[in-house]
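**Student:** build the 3D model from these lines:
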Amino acid sequence: MTQLPAIDTVLGKWRAEGIKLLPPATEATVVAALDKTGKQYSQDVVALYCATGGMEMNESDHSMWALWSLEQVISENKASNHAHLLFSDYLIFSHLYYFKYESEEKSSIYLDHFVGEPPVIVAASVNEFFELYLKNPEKLEMFLGS
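**Tutor:** Okay, the predicted model is just below:
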């Protein structure tokens, strides 16, 4: 399984802040859920949801960023015609983040404002995304409370 060292640090931070997290899922559960979206996904995406089930519905971090549960990932992606796998939002859907499949091992992460501008790549992998989350959230356009 792909290793995501930064996610362990992030999960510890969220727990210390009292953010309500869902329990991690098994690899088989994650794969079955992601298959329902009809979108491509990589091993680092699977590893993320094997580390945490995401945040509870209507939960977010100190800057108003929310990591969706697998259930919400399925729901939001089925309701969207977006080509890639949406997985989170900032400031109650002010902008969304998605995984763009790059290879079996990794996905890059893009930010989309959905205002006619092209999406912007913010990280080359899931681990890099969470490293930036910890060290440079402004690059991810997460500004409040950071």
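**Student:** switch to C-alpha atoms for all contacts and neighbour counts from now on
**Tutor:** Noted.
**Student:** okay, now residue 121: neighbour count?
**Tutor:** Counted with other C-alpha atoms under 10 Å, residues neighbouring residue 121 total 17.
**Student:** so what's it closest to, chain neighbours aside?
**Tutor:** residue 110 (4.2 Å; C-alpha to C-alpha, 6 or more residues apart in numbering).
**Student:** one more: residue 26?
**Tutor:** Residue 26 sits nearest to residue 50 (C-alpha to C-alpha, 6+ apart), 5.7 Å away.
**Student:** do residue 134 as well
**Tutor:** residue 10 (7.1 Å).
**Student:** please determine how far the residue located most distally from the centre of the chain is located from residue 139.
**Tutor:** No residue in the chain sits farther from the centre than residue 116, which is 22.2 Å out by C-alpha atoms, centre = their mean. In this structure, residue 116 and residue 139 are 20 Å apart, going by C-alpha to C-alpha, to the nearest Å.
**Student:** pretty sure residue 46 contacts residue 30?
**Tutor:** Yes. Residue 46 is in contact with residue 30 according to C-alpha atoms under 8 Å; the separation is 6.2 Å.
**Student:** look at those two and report which has more neighbours.
**Tutor:** Neighbour totals were compared for residue 46 and residue 30, and residue 46 leads with 22 against 19 (other C-alpha under 10 Å).
**Student:** OK, contacts around the more buried one?
**Tutor:** Applying C-alpha atoms under 8 Å, 6 or more residues apart in numbering, we find residue 46 in contact with 27, 30, 31.
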